[in-house]
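> starting from these lines, generate the structure:
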Amino acid sequence: MDDHPKASSPSQSSCRANVARACRRHGCRVVVSLAVLLIPFVAICVLNSSVHPTTRGFFCNDDSISYPKKPNTVSDPVLLIICIGCPLLIIILFSVSSIMTLFNCNSHHDERSGNPVMCGLSRRLDVPLTWNDLLCQCYWFILGFVLVCFFTETGKVAVGRLRPYFLDACQPDYSKFNCTNEKGFPLYILHPGCHGKSGDIHEARLSWPSGHSSVSVYAGVFVMLYLEATCIQKFSSPLKVFLQVIPATLAFLCCLSRISDNAHHWSDVLSGTILGASVAVTTVFTLLSFVRNKQSSLTTAERNTLL
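Next up is the predicted model:
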């Protein structure tokens, strides 16, 4: 009996080499993708824990920072759950629906070309979706969300604008400084000697831009554009409009609550809205461009194989 192992054929060696190259290539992509996601996340943690916001003073007669502090209508945990959980749920549901629809459409062929019919986002972009595409869509949404938070926190720390309730949080001792000079002109008070809680004072210096507004608008605009790209069947138009109106309304109400809660100035909310909408538009168009690039890289045989 021959105990020597059989030598691998050239085709088997070539297959193993191709698999090894593919694993290295995909492994590098995963590492780079995680690094791109973790770098701004770590920066956010550093900004929140170690960086003190720019110290800005005030005038004693400044009514814009003399409002009382009120509890948040939309708490941070609720904001994160809604703005992260709901869009991801929508992405998963519609992506799974598109993927599963491909199997149903596989039995139907175009009368002219004879190719399988594609549906949902696959039909809009003329390229079939896979489970890997689902992960990519979730990744792009999370990356955009992290970038919105990074830009927001950077702006808060760099600008250090005082919130409308700053004086209530600071509780300055007016007996220790003069609000006007000898000629009666108001003085710019840079170090008022606050007696309030240090955490409240720190938070009261982080007004611009509004984080609630930027995050909620990002999630709302992303969902609206994503649904516009995925829901193309005529029967789904009412459902699409309904699902688009809900996030837009919630984002609008969240923005209004920041003003009514005396947490932000109206310009803070407007800036956060512009920031969130800009990142959402960029993220969605980048995602759609990614799927279109996939279509250009697939041959007809490969597309039919995926279907």
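> and residue 70, how many neighbours?
13 (other CB atoms under 10 Å). Every C-beta, even on glycine, is put in place using the N, C-alpha and C of the backbone.
> mind telling me what element it is part of?
In the assignment (DSSP states H and E), residue 70 maps to no helix and no strand.
> spit out the contact partners of it.
165, 261-263 (CB atoms under 8 Å, 6 or more residues apart in numbering).
> tell me the phi and psi of it?
Note on residue 70: its backbone torsions stand at phi -130, psi 150 [degrees, to the nearest 10].
> could you pull out the helices for this structure?
10-49, 76-80, 86-105, 120-125, 131-159, 166-170, 198-203, 211-230, 237-260, 266-297, 300-306 (DSSP state H).
> and the nearest residue to residue 251 once chain neighbours are set aside, what pLDDT?
Nearest residue to residue 251, sequence neighbours excluded (CB to CB, 6 or more residues apart in numbering): residue 220, at 3.5 Å. At residue 220, the pLDDT value in this model is 96.
> next one, pLDDT for residue 262 please.
97.
> please disregard the earlier target; I meant residue 73.
pLDDT at residue 73 comes out at 96.
> same thing with residue 303?
The model's pLDDT for residue 303 equals 47.
> cool, the one 4 residues further on as well?
According to the prediction, residue 307 has pLDDT 42.
> sorry, back to before: pretty sure the residue nearest to residue 251 sits against residue 247.
Yes: with contacts counted by CB atoms under 8 Å, residue 220 reaches residue 247, the gap being 3.8 Å.
> give me the more crowded residue out of these two.
The neighbour comparison of residue 220 against residue 247 (other CB under 10 Å) goes to residue 220, with 29 against 23.
> how near is that one to residue 34?
27 Å (CB to CB, to the nearest Å).
> related to what we said a few turns ago, want to throw the contacts of residue 70 into a markdown table with distance to residue 284?
Output for the contacts of residue 70, formatted as a markdown table (distance: CB to CB, whole Å):
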| residue | distance to residue 284 |
| --- | --- |
| 165 | 35 |
| 261 | 30 |
| 262 | 33 |
| 263 | 28 |
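> among those residues, which one is most surrounded by other residues?
Most surrounded of the contacts of residue 70: other CB under 10 Å gives residue 263, at 27 neighbours.
> on that earlier part again, most widely separated two among the contacts of residue 70?
Maximum pairwise distance in these, criterion CB to CB, is 8.9 Å, between 165 and 261.
> who's in contact with residue 270?
residue 213.
> now do the contacts for residue 59.
179, 186-189.
> by neighbours, which of the residues you listed wins?
Result: residue 189 is most packed of these (other CB under 10 Å), 17 neighbours.
> report the mean confidence score over stretch 167-175.
92.
> revised request: answer the last question for stretch 145-154.
97.
> again, but for stretch 190-207
93.
> what's the answer for stretch 78-85, then?
Per-residue scores along stretch 78-85 average to 94.
> return the set of buried residues in stretch 170-181.
Buried residues in stretch 170-181, counted by 16 or more other CB atoms under 10 Å: 170, 172.
> list the contacts of stretch 139-156.
Contacts for stretch 139-156 (CB under 8 Å, 6+ apart): 33, 36-37, 40-41, 43-44, 47-48, 53, 83-84, 87-88, 91, 206-211, 214-215, 218-219, 222, 271-272, 275-276, 279-280, 282-283, 286-287, 290.
> next one: that stretch to chain centre, how far?
Relative to its chain's centre, stretch 139-156 lies at 6 Å (CA atoms, centre = their mean, to the nearest Å).
> against residue 171, how distant is residue 177?
14 Å.
> same check on residue 148?
33 Å.
> same check on residue 62?
16 Å.
> what residue ranges in the stretch 201-307 of the chain score low on pLDDT?
Within the stretch 201-307 of the chain, the segments meeting pLDDT under 70 span 231-236, 291, 294-307.
> kindly recompute the last result at 50.
Residue ranges of the stretch 201-307 of the chain with pLDDT under 50: 234-235, 299-307.
> ok, and the closest non-adjacent residue to residue 179?
residue 60 (3.5 Å).
> and that neighbour, what does it touch?
Residue 60 touches 174, 179-180, 186-187, 189, counting by CB under 8 Å, 6+ apart.
> now swap in residue 40 and tell me
So residue 40 contacts 146-147, 149-150 (CB under 8 Å, 6+ apart).
> if we use 6 Å, what do you get?
146-147, 150 (CB atoms under 6 Å, 6 or more residues apart in numbering).
> if I look at it, how far off is residue 62?
34 Å.
> equivalent analysis for residue 241, please.
For residue 241, the distance to residue 62 - CB to CB - is 44 Å.
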